[in-house]
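>>> curious how this folds, go ahead:
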Amino acid sequence: MGNMMNNDDGQMFQKNMMTSFVQIATLVILVSYCLTIVGPFVGLAIWGVVMAVAMYPVHVRLSSLLGGREKLAVTLIILTGLAVVLIPGWGMTKSAITSLMDLSTDLKSGGIQIPPPAEKVANWPLIGERLYSFWAGAASNIEGTLNEFQPQLKELGVWLARKIGSTAIGMLEIAASVIIAGVSMLYASSGYALSSSVAKKISPNRGQHLTDISIATIRSVTNGVIGVAVIQAVLAGIGFFAMGVPHAGILTAIVLITSIIQLPAVLIIAPIVVWVFSIAEPVPATIFAVYMVFAALSDNVLKPMLLGRGVDLPAIIVLFGAIGGMIAYGIIGLFLGAVLLGLGYTIISDWLQASDDAVGTEPASDH
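Numbers count the residues shown, from 1 in each chain. Now for the predicted structure:
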């Protein structure tokens, strides 16, 4: 009798195990196929959600001004976002293509003329004589100078063409993300509830807190990284245009990109300051240099003020997360890295606090 019961239990266990295996295998296969199908859209969806979280306060204020008409507010935000992305993007791409074509034509026709260097360039410390010699040679024989660097120039041309193409595609992707962000803002309440529900599965007691931290971190990075980069680029652009620096618009865009990816803007600004000293009078060149130093270092003042503001996390955690995420995942990693590191920091802090509380409540030993 006992053997029969053991056999029945064993058969039931095997049946349950096989049933569970089939169910789990089916779920894994289904999820893998779903991920493959939605894979091309994951980046756009993430960007859309990030933009929606960052712009939602604007949506709320605009909806209030429009008498609660949320759809109209979203439409205005989408149209404004598309205009901000596509108009400058198209102008920059068209300008870059035209500049490359004109440069190629001038190189073939010998129409490029480089002005000779000023005599004071030779007196610059360390690099003056070498720079003066190279500059003078290029001014007198531009064709011979270019021939020396022909392989490098060819590689540079191919690289620029690829970057122009990828930039154009990136602009279209950002435009699509703006539309996704606008639609997402219409369902902000249900999206917040879903996020909180998922977070509560991870941490039943702190799930909603984790959701709030994620939202606050995204907005903190928007202000502390993107916002500071825009301010720094505007300051630099004012200096470029005021001094009449050639291609000031493109240089301003480069400063913006450099600041967003957390590289020092001085890498772009310093060579321009040196060039201005070589062509301008000492007084305006000095004023320009002082102003540009202020613009280059402005992020050191603005970032501590804006980064981490409104979020219950140390600013250094947000900054390290943004930089590390950007290195690992590109621009979107600025947000993903800060959010993930912030969540990890919060979960570990809660765990340590709970452990300390548990130790503190243990009864004292008699010994």
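>>> in the helix or strand containing G324, what counts as buried?
Per DSSP states H and E, G324 falls inside helix 315-329. For helix 315-329, burial by neighbour count (16 or more other Cβ atoms under 10 Å) applies to 315, 317-319, 321-326. (Each C-beta comes from the backbone N, C-alpha and C, glycine too.)
>>> now for that helix, which elements pack on it?
helix 207-221, helix 333-361 (3 or more Cβ pairs under 8 Å, 6 or more residues apart in numbering; DSSP states H and E).
>>> which helices and strands sit right next to the last one?
Helices and strands in packing contact with helix 333-361 are listed as helix 207-221, helix 315-329; criterion 3+ Cβ pairs under 8 Å, 6+ apart.
>>> can you redo the ones you listed as JSON lines with mean pLDDT and distance to A188?
JSON lines is the format used below for the helices and strands packed on helix 333-361 (pLDDT from 0 to 100; distance: least, Cβ to Cβ, whole Å):
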{"stretch": "helix 207-221", "mean pLDDT": "81", "distance to A188": "10"}
{"stretch": "helix 315-329", "mean pLDDT": "79", "distance to A188": "23"}
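>>> could I get those helices as TSV with distance to P151?
Below are the helices and strands packed on helix 333-361 laid out as TSV (distance: least, Cβ to Cβ, whole Å):
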stretch	distance to P151
helix 207-221	41
helix 315-329	30
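>>> F277 is nearest to which of those?
helix 315-329 (32.4 Å; Cβ to Cβ).
>>> before we move on, back to that, quick one: closest of the helices and strands packed on helix 333-361 to S166.
Using Cβ to Cβ, the helices and strands packed on helix 333-361 put helix 315-329 closest to S166, at 16.3 Å.
>>> next, the angle helix 333-361 makes with the closest one.
130 degrees (axes from the mean of the first three to the mean of the last three Cα atoms, to 10 degrees).
>>> only C-alpha atoms, please: export helix 315-329 in PDB.
Output of helix 315-329 as PDB, limited to C-alpha atoms (Å, rounded to 0.1, in the frame of the first residue of the first chain):
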ATOM      1  CA  ALA A 315      24.200  64.500  -6.400                       C
ATOM      2  CA  ILE A 316      27.400  62.500  -6.800                       C
ATOM      3  CA  ILE A 317      25.300  59.300  -7.300                       C
ATOM      4  CA  VAL A 318      23.200  61.000 -10.100                       C
ATOM      5  CA  LEU A 319      26.400  62.400 -11.700                       C
ATOM      6  CA  PHE A 320      28.300  59.100 -11.700                       C
ATOM      7  CA  GLY A 321      25.200  57.200 -12.900                       C
ATOM      8  CA  ALA A 322      24.800  59.700 -15.800                       C
ATOM      9  CA  ILE A 323      28.400  59.500 -16.900                       C
ATOM     10  CA  GLY A 324      28.800  55.800 -16.500                       C
ATOM     11  CA  GLY A 325      25.500  55.200 -18.300                       C
ATOM     12  CA  MET A 326      26.500  57.500 -21.100                       C
ATOM     13  CA  ILE A 327      29.800  55.600 -21.600                       C
ATOM     14  CA  ALA A 328      28.000  52.200 -21.600                       C
ATOM     15  CA  TYR A 329      24.800  53.000 -23.500                       C
END
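>>> that one to helix 207-221, inter-axis angle?
Using the same axes, to 10 degrees: helix 315-329 against helix 207-221 is 80 degrees.
>>> what is the nearest of the buried residues of helix 315-329 to V38?
G325 (21.6 Å).
>>> neighbours of the closest residue to that closest one other than its chain neighbours, how many?
Spatial nearest neighbour of G325, chain neighbours left out: G337 (1.6 Å); criterion: Cβ to Cβ, 6 or more residues apart in numbering. Look at G337: counted by other Cβ atoms under 10 Å, it has 24 neighbours.
>>> pick the most deeply packed of the helices and strands packed on helix 315-329.
Most buried of the helices and strands packed on helix 315-329, by mean neighbour count (mean count of other Cβ atoms under 10 Å): helix 207-221, with a mean of 21.
>>> which secondary structure elements does the helix or strand where V53 lies contact?
Per DSSP H and E, V53 falls inside helix 2-65. Counting contacts by 3+ Cβ pairs under 8 Å, 6+ apart, helix 2-65 is packed against helix 70-109, helix 150-186, helix 188-202, helix 207-221.
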